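Colleague: Sequence first, then the predicted structure:
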2 protein chains.
Amino acid sequence: MSQPEIVPELAPLFHPRSVAVIGATNNLTKWGFSTFYSLMRHYQGDLYAVNNRDAEILGYPAYAKITDIPGPVDLAVIVIPPEKVAGVMEECVEKEVKAGVIITAGFAEVGRQGKAMQDEVLRAARKGGIRLVGPNCMGMWSASANLTAFMFPLPIMEGPLSLVSQGGNVGGALVSDAVSRGVGFQHYISCGCTADIQIEDYIEYMGNDDSVKVIMVYIEGLADGDRFVKKVKPVTLKKPVVALKPGKTEAAARAISSHSGALSGSDMIYDAAFKKAGVIRTETTMELLDVAIGLLTQPLPRGRNVVITTPGGSYGVMCADACATLGLNVIDLPPGVMETFNEMFPSRWSHGNPVDPAGDRNLIQYLKAPDILLRYPEIDALIFMGFGSFSGISAMLTSAGGQINKRLESMRKRMKGFEQTARKYGEMLDSGDHTQIREIIEIGLGMLFGSVMATSSSDMEEFINMVSDALTSEQMRQSSFFKGLKKLFDSVAEGDLDAAKMADIMDLIAPMLDAIISHWICKYNKPVITTTFNEAVSRIGEGGHYPYSNAERASKVLAKLVEYAEFLESEGKKKAH
Amino acid sequence: MSQPEIVPELAPLFHPRSVAVIGATNNLTKWGFSTFYSLMRHYQGDLYAVNNRDAEILGYPAYAKITDIPGPVDLAVIVIPPEKVAGVMEECVEKEVKAGVIITAGFAEVGRQGKAMQDEVLRAARKGGIRLVGPNCMGMWSASANLTAFMFPLPIMEGPLSLVSQGGNVGGALVSDAVSRGVGFQHYISCGCTADIQIEDYIEYMGNDDSVKVIMVYIEGLADGDRFVKKVKPVTLKKPVVALKPGKTEAAARAISSHSGALSGSDMIYDAAFKKAGVIRTETTMELLDVAIGLLTQPLPRGRNVVITTPGGSYGVMCADACATLGLNVIDLPPGVMETFNEMFPSRWSHGNPVDPAGDRNLIQYLKAPDILLRYPEIDALIFMGFGSFSGISAMLTSAGGQINKRLESMRKRMKGFEQTARKYGEMLDSGDHTQIREIIEIGLGMLFGSVMATSSSDMEEFINMVSDALTSEQMRQSSFFKGLKKLFDSVAEGDLDAAKMADIMDLIAPMLDAIISHWICKYNKPVITTTFNEAVSRIGEGGHYPYSNAERASKVLAKLVEYAEFLESEGKKKAH
């Protein structure tokens, strides 16, 4: 398939060899300061300051006009009063600038007069074929050029997402939150009044960039809904596009017109357009990011049948309710599974879906359950609850201190004679020798779980297999799981294992779970969505898995995965993932 | 009004002089270990371990039977296999125990046989008038006795909330999240199968405790809906009760029956019962905590008219949409306000509600806006967005480093001659001398805002008044705002003010905002709900204000405050707050 025209057209915008900031200033109280400052920290191409009063800006020589700049300029970032932009645009044409980012506000969003000024700017730009972002925007980021053309320094990092936002502060918040969650962007465009380049143009461009895996978009209003559907649908057939579109109410429609100057239009029309284009619609910023990360880290389910596993009943209830409300099938457990679990769990287990061992403290059995369930073809997806709750073991060991040290005495006695072995495996980990990785895992888990959990040897054998399968890939050898094992070996070798050290070593449980779940996702090619039971913001793990804070968020993500899978199926596409 | 019977009946449960843990053990893999451990760390009364094999448990002497304990026992915490509980209960009766917490599971929730065992336990208890929590629960907390009778150590702290939860892990998560947000509890009861004491009994008890300000409840099913309404309505007329009740779907109803043994019943019946009783219903754990904290920290609004102020347009749009969807009136601005703001803001401001200064960097003007709006009687509540975004100033100063140091040179020059003044006020703050607090604020803000913001002197005068009003109460004199000022004075006195120090000093902006907003809430007796624009979990500020992460959460809280206010009004009650 040939590239659409938009790809070469927007290349100078996303990969500029040189950038000029028109309106760069030393005055701390102006956006021209923070814009120039934001760019100079990261951008690696030629950067110029344009200011008609000062001779230097933040250590860079300043030019009175863009035409005074000696070298060529690909991109002009404009931060000057609105009435001066059209004149400056003429100069940009003269300078043969290829693209512009107009941060300046006060155009279409302020009414008729502003719209007239905006049209004038556009006319000037078109004379030179300059493509424009904005006006009235917060700027943009392009990973390939490390281009942080923002009106304010924003934390951002490279990654597989791209975002187009018609709102600067919603966009900025999404980017910051994504970074806190450990995921970055190829592109982020705050598109403002979209005088020239339209939202669907950006999406088309991002759709053609193979390093972009999921596209996020915040829309206040589209100029041409049919054009949007026409441009975006070919993209959604290749990769997911997730949208947030406020404006259901009259109050929001009024706010939109004064903000981005867009006509928000009937919500039903947008809903229909999104459905037609295969765009997944979300309701809040948190949900937008949740669903984007879900699409990034999970395969698409083959159907709506879900099984829930939970270490506590009430969150299982909340999750079953959330799933069923969203049209997912909380199916009856297959008969074979019932029998297996009757043998595996205490008799008080829930005997159904959600699977709840009802206070059984055997972590190993709880971890075996999903691996058993995912084998059944009638189960399309699994929600695994309590991802974070096992770290409570570590907290208890820390606080138990002295009391537990006594209990550890017997363990230390058992460990006598193992100093040599522990030293040997510790050295192997140190030297990066991974030839006996399964043995290292076996010895390590034996020492670990032998001490604080009652486990049968056959359970242990299965568990070692599970962990070995998950942790012997090249990537996983760098996991903090092995750092935890190293600490354990060192403590056994030195004979100084105490409660505080044990608590520290227990931190290997989180990366172990992350690796196991990532491994199940690959092995069964089914979504395995997890929850933590606490509100703190989670980060994507080393294995690439992202846990959500609660049942509602996890269920919503699964429902949206189903929605996208069904769209692709209705279009005759095989699953994209 | 006389106390209801439940108050003396449950007193030994909430204020036990002595506690015995039946099933305490040294075995790390059993709940009897973590339960005893959890209690011994905090409870200050007499604590006994009952175990028929070991002579001592975690350093405490162990008794084979509760009847072997020399002193009296008010409360028995039971963690032994279910089939043994009835027998032990007989012994508790013999020992004249007053109350019991049965952590053990395997009763009504596992079916007919379990229910029969549970009835047997109950019959035994009733012979001695023992009141029971559980069975199949995670335990309880009572602040007055520092009673952490949990099956697992749980972070908890004293505070004005109380929680009854029919689910141990939902309850535990709520408690942990509340502590992370900086708010604590008088009571937390994980009530499990509610064999004896019913949810409405706990609520009635908490309703009669003046130190409880808001009651939270997670319900899976009620034994007697009419009794619930009868007991709970007198409470909701005095203080708010917020509920979370899953079970809208068949899938959840099935999960409930295997979890807490409750019949979830028709959701419409619950909805009607909650309305009748004045209970505010929420949909998720996050919303339950959000609304409880809103009721704790905000006055009730007199009506549905809301104004939104936002430093960025798109979140204003999202917020207007969320408010209007929830039936709040995003009203037109009163004409007088329009004129004031036309003079105060740049001409591109939004000219409507939401009030958006559209990129104006003048923090002082943005802070003046709510104070102007709240005076209008037609405005019932305000949502103030971007509470956290001003801390970005501090981040920029930190990163700007060297470049900003140059700019600070001129400021340092201007500050020459102020060393003496700065030293004087620094010493006053050090010594706790608050007689000239307004002068301290004036000098401090002058030094601070004179340096990085362009402000007119009349703006500054008004701002100093605003901050002084907010920060001169006794409580606020301990605020970290003054710690920030102290740093500023020290740096000026030493002549070593640089960008890093400025960034550090900028941290006083957050406590200043918290104080100002708390002050508005008191001054106007109207809700002022704020948002941060990022997902990180917020803490209640020193002034008592809690910021939410986004527009939807803030709007939902306001809508629930309106709902409760309207209930009280319909009952002929004046506003309770």
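Modeller: That came through, no problem.
Colleague: can you tell me the residue of the stretch 51-200 of chain A closest to chain B?
Modeller: Taking C-beta to the nearest C-beta as the measure, the point where the stretch 51-200 of chain A comes nearest chain B is residue A:167, at 2.0 Å. Any C-beta I mention is one placed from the backbone N, CA and C, and that applies to glycine too.
Colleague: dump the residue contacts of that residue.
Modeller: The neighbourhood of residue A:167, defined by C-beta atoms under 8 Å, 6 or more residues apart in numbering or on different chains, consists of A:190, A:218, A:220, A:259-260, B:312-315, B:317.
Colleague: Which pLDDT does the model give it?
Modeller: Note on residue A:167: pLDDT of 91.
Colleague: do the one 5 residues further on as well
Modeller: According to the per-residue confidence, residue A:172 scores 92 in pLDDT.
Colleague: Disregarding flanking residues, what is the spatial nearest neighbour of it?
Modeller: residue A:154 (5.6 Å; C-beta to C-beta, 6 or more residues apart in numbering or on different chains).
Colleague: Quick one: classify the one you found as helix, strand or coil.
Modeller: For residue A:154, the secondary-structure state derived from DSSP: H, G, I helix; E, B strand; the rest coil is coil.
Colleague: if we can go back for a sec, which among the contacts of residue A:167 end up buried?
Modeller: Neighbour-count burial within these applies to A:190, A:218, A:220, A:259-260, B:312-315, B:317; the criterion is 16 or more other C-beta atoms under 10 Å in any protein chain shown.
Colleague: Max pairwise distance over those: which two?
Modeller: Greatest spatial distance in the buried ones among the contacts of residue A:167: A:190 and B:317, 14.2 Å, computed using C-beta to C-beta.
Colleague: now the buried ones among the contacts of residue A:167 in TSV, with pLDDT and distance to residue B:342?
Modeller: Listed next are the buried ones among the contacts of residue A:167 as TSV, based on pLDDT from 0 to 100; distance: C-beta to C-beta, whole Å:
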residue	pLDDT	distance to residue B:342
A:190	97	27
A:218	97	29
A:220	92	24
A:259	80	18
A:260	77	21
B:312	84	20
B:313	87	18
B:314	90	23
B:315	90	23
B:317	93	22
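Colleague: Inside strands: which ones of the residues you listed?
Modeller: A:190, A:218 (DSSP state E).
Colleague: Name the nearest of the buried ones among the contacts of residue A:167 relative to residue A:362.
Modeller: Residue A:362 lies nearest to residue A:218 out of the buried ones among the contacts of residue A:167, by C-beta to C-beta, at 45.5 Å.
Colleague: show me what contacts that closest one?
Modeller: A:163-167, A:170-171, A:174, A:243-245, A:285, A:288, B:314.
Colleague: Show me what the residue lying closest to it once chain neighbours are set aside is bridged to.
Modeller: Leaving aside its chain neighbours, residue A:218 sits nearest to residue A:165 (4.1 Å; criterion: C-beta to C-beta, 6+ apart). Each beta-bridge partner of residue A:165 is listed here, defined by DSSP bridges: residue A:190, residue A:218.
Colleague: What helix or strand is residue A:149 located in?
Modeller: Under the criterion of DSSP states H and E, residue A:149 resides in strand A:147-150.
Colleague: C-alpha coordinates for the longest helix anywhere in chain A, CSV please?
Modeller: Ranked by residue count, the top helix of chain A under DSSP state H comes out as helix A:551-570. Once side chains and other backbone atoms are set aside, the C-alpha atoms of helix A:551-570 remain, and they are given as CSV (Å, rounded to 0.1, in the frame of the first residue of the first chain):
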residue,chain,number,x,y,z
ALA,A,551,-12.7,-4.0,39.6
GLU,A,552,-14.5,-1.3,37.7
ARG,A,553,-11.5,-0.1,35.8
ALA,A,554,-10.3,-3.6,34.9
SER,A,555,-13.8,-4.6,33.7
LYS,A,556,-14.2,-1.5,31.6
VAL,A,557,-10.9,-2.2,29.9
LEU,A,558,-11.9,-5.7,29.1
ALA,A,559,-15.3,-4.5,27.7
LYS,A,560,-13.5,-2.1,25.4
LEU,A,561,-11.1,-4.8,24.2
VAL,A,562,-14.2,-6.9,23.3
GLU,A,563,-15.7,-3.9,21.5
TYR,A,564,-12.6,-3.4,19.4
ALA,A,565,-12.3,-7.1,18.7
GLU,A,566,-16.0,-7.2,17.5
PHE,A,567,-15.4,-4.2,15.3
LEU,A,568,-12.5,-5.9,13.6
GLU,A,569,-14.5,-9.1,13.2
SER,A,570,-17.5,-7.3,11.7
